[in-house]
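Undergrad: Pasted the sequence and its predicted model underneath.
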Amino acid sequence: MGNKKAFLGYDLGDGESITDIVVIDTGLPDRTVHTDFSDMPMPDCEKPGEPLPTIFARDRDGEIIFAHSIQNDPEAAVDIRINFKRRPTDLIENLTKEKREHLLRLFTDRTEWPDRAECPECNTVKMDEFRFSAVTFTNAIFDDRQYRERIRSLTDGCGEIVFCAGHPTRWDDLDAAIYKTILQTSVLGKGTYANLPSSIVMAAESRAAFLYVKDQKRIDRLKPGESALLIDVGSSTIDLTAMTADSRNHQYNSGNNYLGARGVDLMIRDWYLEQLMRDRENLIVYQELMAANPSLNQGLTLLCRRAKEQVCSYKNGKSRIYFGLFRPVQLTAADLGRMLREVPVADVLRKYTDLPPREAEQMAGKSWKSLFEEFMRAELQMMQREKIKIGRVILTGSASKMPVVEETVRSVFQDLPETALFFDMDPSRTISKGLALVGPSNDKSLAFQLDVSQVLREEVPEIVRRNLPRLFEELSRFVGETIEPIVIAEAEKWRTGAYRTFGDMNTAIEAELAPQRLEPRLRDKIENLFGDWCVNVIGKDIALSLKKICEKNGVSEFSVDNLNFMAAGNSLIRKSSEIIMGSATKTAMNEMTVSICNRIIAMIVLLLLVVPGANAVALIGGGGALLWNALRNREEGADNRVAEFMMDKNIPNPMRRVISMDTIRQKVRDADIKGCCKSAFTADSSRESILSAVLDSLGGQVQAKMDEIKYVIESA
């Protein structure tokens with residue numbers, strides 16, 4: 001085989017599905033990506049490059065048939081399946097945090113579906129139906145003889161083929177992992193295809209959209225600081241991605257998992273049946289047809305979708321729905337507009353799909369148009385908070401042609417000039433073309449990602465460990481300076497008789513130094529100290545390591561300051577008090593408080609024993625003299641023994657007042673409170689908990705900064 005490698009983008013949409021392919025020559029220095037996309041012949045479609053409606057059934061002989069065959073003779077189609085794409089986690093009940101973590105471990109990089117014993121929640125009726133539909137439909141496409149031959153001709157001379165499958169942006173890691181496992185059980189996961197080794201990668205559809213728009217040079221004329229917003233209105237979901245011409249701010253990805261146009265198709269179907277059932281004879285015939293073939297309604301959904309697309313495409317805004325031998329029913333733009341503005345979409349989705357109760361409640365009886373407008377306004381506010389200025393909007397996706405979409409977008413983005421709104425000329429292929437580009441972009445950044453992994457695995461932990469002593473030194477200094485006046489104030493109260501015994505003073509000091517009272521006093525200062533350490537110490541050190549990686553991979557536009565991700569309102573700094581005052585540190589500080597109190601009591605006792613003219617030894621008993629000798633001889637544990645012995649002793653006030661406050665202040669300083677604080681922060685459990693918390697936060701933040709650079713490399 002040659003140096004060529006093929007990447008096939010597979011957009012399995014809820015409404016339409018299509019594939020696109022690109023080939024790269026891995027032997028060329030620049031790894032050239034050829035983006036003159038060939039028009040792929042999808043099965044059952046009239047012309048290459050035409051999307052295939054995501055619907056299938058079986059004919060009388062049990063063979064899989066697609067949309068055109070179903071539409072031509074719906075009554076002859078059995079087990080019709082449409083709108084079967086689901087968010088996998090919506091099909092798993094009682095999905096707790098613990099169960100989610102378990103399932104993510106189970107499905108990550110898995111190639112076979114787990115059996116009922118291993119995962120009972122993964123083998124429910126609803127999940128089985130989704131799996132069966134997705135795999136059957138996928139196999140029917142890629143096993144089609146004409147389609148396979150076309151792939152074989154386009155990949156001539158290639159050594160490998162990579163299937164790049166997309167998933168909605170708002171699906172989480174568990175959704176993507178389950179969906180990938182499902183596709184692994186199809187023909188795509190067999191390890192070979194068209195006589196070539198094959199594999200599967202997954203990508204968010206917003207990333208695919210970004211790569212496609214970048215490839216088409218649709219964002220090169222943006223003004224500095226402006227972003228283009230791509231709005232992909234699909235059948236089941238809406239995906240958004242904002243991007244600048246230099247690739248840096250495209251990281252705004254968002255969407256809605258339930259507000260696609262699927263609900264609109266179902267509205268039209270209900271409306272059609274309402275028109276049809278006005279004739280009682282039609283009702284009887286329809287009921288007989290449904291009794292014989294319950295899935296016939298799914299074929300009707302396809303016809304209603306086609307009628308919607310025609311209404312949005314034809315100048316007269318009219319279409320006719322032909323269903324079996326029933327009289328045709330005319331759908332007009334006015335009918336469609338009324339439904340979009342008046343019909344509660346949640347009622348339709350709850351009736352016919354697996355709309356989660358929480359989503360239905362949030363939709364609260366609102367129309368599709370109302371919800372779409374609310375969604376777009378909320379997204380605009382979010383982008384404005386993130387300082388993203390939209391200079392161009394590109395509409396794509398099968399449902400983007402609905403007039404209400406353009407009307408709403410223009411209403412929300414009022415400041416945009418009329419010429420700044422674009423319609424993708426080939427909306428059905430935006431995602432499939434972008435997915436085909438995901439593979440080459442992954443390959444281009446593979447070496448970069450390996451370098452980043454090494455930094456995360458080896459250099460970042462070492463940088464943090466190396467610089468922790470500096471942090472502990474600063475923290476112990478500040479905390480000691482905070483604690484010292486508190487201890488002195490309580491000792492003065494004992495001196496003036498406010499506390500009867502050392503025990504009373506000790507209790508008061510412990511109460512004042514309790515973490516819940518001490519932490520609020522420390523929080524702002526800790527954040528400042530921790531922030532300075534993050535920005536000017538570890539932030540700079542990590543940035544220097546990242547700069548070397550950038551230069552190694554041909555990216556010179558990022559300075560050390562650009563790469564210091566700590567410099568701008570970092571979340572790690574904001575949670576510094578939580579990190580520093582973790583449970584292990586609080587435990588160590590409680591122990592430190594006891595140690596401080598014992599030292600101070602012992603020192604004051606020493607002062608009492610040497611007060612001129614006072615019979616202190618007689619006052620406190622012979623045991624006191626023995627303890628004095630223990631302290632003088634520096635016996636181990638003498639401080640504690642003195643404190644325990646003197647805890648309930650009520651020293652006469654005259655003797656207390658003989659000791660000056662200057663002397664007490666000096667003795668408190670001699671207790672080395674700062675040293676005790678340092679011991680608390682550097683205790684094994686405390687040190688490891690701080691290190692672990694910092695590293696946990698840093699990993700994702702370094703990766704986020706590297707993803708920004710990765711996209712620059714990938715989209716070059």
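TA: Sure thing, it's come through.

Undergrad: Skip the chain neighbours and tell me the closest residue to the most centrally placed residue in the chain.
TA: Nearest to the geometric centre of the chain sits residue 172, at 6.6 Å (Cα atoms, centre = their mean). In space, residue 172 comes closest to residue 89 once its chain neighbours are excluded; the distance is 7.3 Å by Cβ to Cβ, 6 or more residues apart in numbering. All C-beta atoms are positioned from the backbone trio N, CA, C, and that covers glycine.

Undergrad: I'd like to know how far that neighbour sits from residue 171.
TA: Taking Cβ to Cβ, to the nearest Å as the measure, residue 89 and residue 171 are separated by 8 Å.

Undergrad: And those two? Which one has more around it.
TA: Neighbours per residue (other Cβ atoms under 10 Å) separate residue 89 from residue 171, with residue 171 holding more: 22 against 16.

Undergrad: Just the pLDDT for the residue nearest to the centre of the chain.
TA: The predicted local distance difference test score for residue 172 is 91.

Undergrad: Wait, it touches residue 88, no?
TA: No: with contacts defined as Cβ atoms under 8 Å, residue 172 does not count as touching residue 88, sitting 9.8 Å away.

Undergrad: Residue 80 belongs to a strand?
TA: Yes: counting by DSSP: H, G, I helix; E, B strand; the rest coil, residue 80 falls inside a strand.

Undergrad: about what we covered before: for the residue nearest to residue 172, which residues are in contact?
TA: 95, 100, 172, 174-175, 178 (Cβ atoms under 8 Å, 6 or more residues apart in numbering).

Undergrad: let's see 6 Å
TA: Contacts for residue 89 (Cβ atoms under 6 Å, 6 or more residues apart in numbering) come out as 95, 174-175.

Undergrad: Which of those residues fall in helices?
TA: Counted as lying in helices by DSSP state H, out of these, are 174-175.

Undergrad: for the stretch 601-716 of the chain, which spans come out with low pLDDT?
TA: Counting by pLDDT under 70, the stretch 601-716 of the chain has low-confidence residues at 609-637, 705, 707-708, 710-716.

Undergrad: Could I get the full set of helices for it?
TA: For the stretch 601-716 of the chain, the helices identified by DSSP state H, counting those that start in this stretch occupy 616-620, 622-632, 638-646, 653-658, 661-670, 673-682, 684-714, in order along the chain.

Undergrad: Show me which positions of the fourth one end up buried.
TA: Applying a neighbour-count criterion of 16 or more other Cβ atoms under 10 Å, the buried positions in helix 653-658 are residue 656.

Undergrad: Which strand or helix spans residue 432?
TA: Counting by DSSP states H and E, the element that carries residue 432 is helix 430-444.

Undergrad: I'd like the mean pLDDT over that helix, please.
TA: For helix 430-444, the per-residue pLDDT values average out at 82.

Undergrad: then whatever helix or strand comes next after that helix to CSV, C-alphas only?
TA: Downstream of helix 430-444, the next assigned helix or strand under DSSP H and E is helix 446-454. Output for helix 446-454, consisting of C-alpha atoms alone and laid out as CSV, is shown next (Å, rounded to 0.1, in the frame of the first residue of the first chain):
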residue,chain,number,x,y,z
LEU,A,446,-0.8,13.8,17.0
ALA,A,447,2.8,14.6,17.8
PHE,A,448,1.7,17.8,19.6
GLN,A,449,-0.8,15.9,21.7
LEU,A,450,1.9,13.3,22.6
ASP,A,451,4.1,16.1,23.8
VAL,A,452,1.3,17.7,25.8
SER,A,453,0.6,14.3,27.4
GLN,A,454,4.2,14.1,28.5
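
Undergrad: What are the buried residues along helix 446-454?
TA: Going by neighbour count (16+ other Cβ under 10 Å), the buried part of helix 446-454 is 448-449, 451-452.

Undergrad: same deal with stretch 393-407?
TA: In stretch 393-407, the ones that count as buried by 16+ other Cβ under 10 Å are 393-402, 404-405.

Undergrad: Lowest-confidence one in these?
TA: When those are compared, the smallest pLDDT is that of residue 398, 80.

Undergrad: Next up, the contacts around that one.
TA: 15-16.

Undergrad: Please apply the same query to residue 55.
TA: By Cβ under 6 Å, 6+ apart, the neighbours of residue 55 are 67, 82, 302.

Undergrad: Name the member of the residues you listed that has the highest neighbour count.
TA: residue 82 (26 neighbours).

Undergrad: For that one, name its beta-bridge partners.
TA: Beta-bridge pairing for residue 82 (DSSP bridges): residue 55.

Undergrad: Enumerate every residue touching it.
TA: Taking Cβ under 6 Å, 6+ apart, we find residue 82 in contact with 55, 298, 301-302.

Undergrad: and the helices of the stretch 601-716 of the chain as CSV, adding distance to residue 464?
TA: Below are the helices of the stretch 601-716 of the chain laid out as CSV (distance: least, Cβ to Cβ, whole Å):
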stretch, distance to residue 464
helix 616-620, 50
helix 622-632, 41
helix 638-646, 35
helix 653-658, 48
helix 661-670, 32
helix 673-682, 14
helix 684-714, 5
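
Undergrad: what are the ranges of the strands in the stretch 201-350 of the chain?
TA: Read by DSSP state E, counting those that start in this stretch, the stretch 201-350 of the chain holds these strands, from start to end of the chain: 226-233, 238-243, 252-256, 318-321, 329-332.
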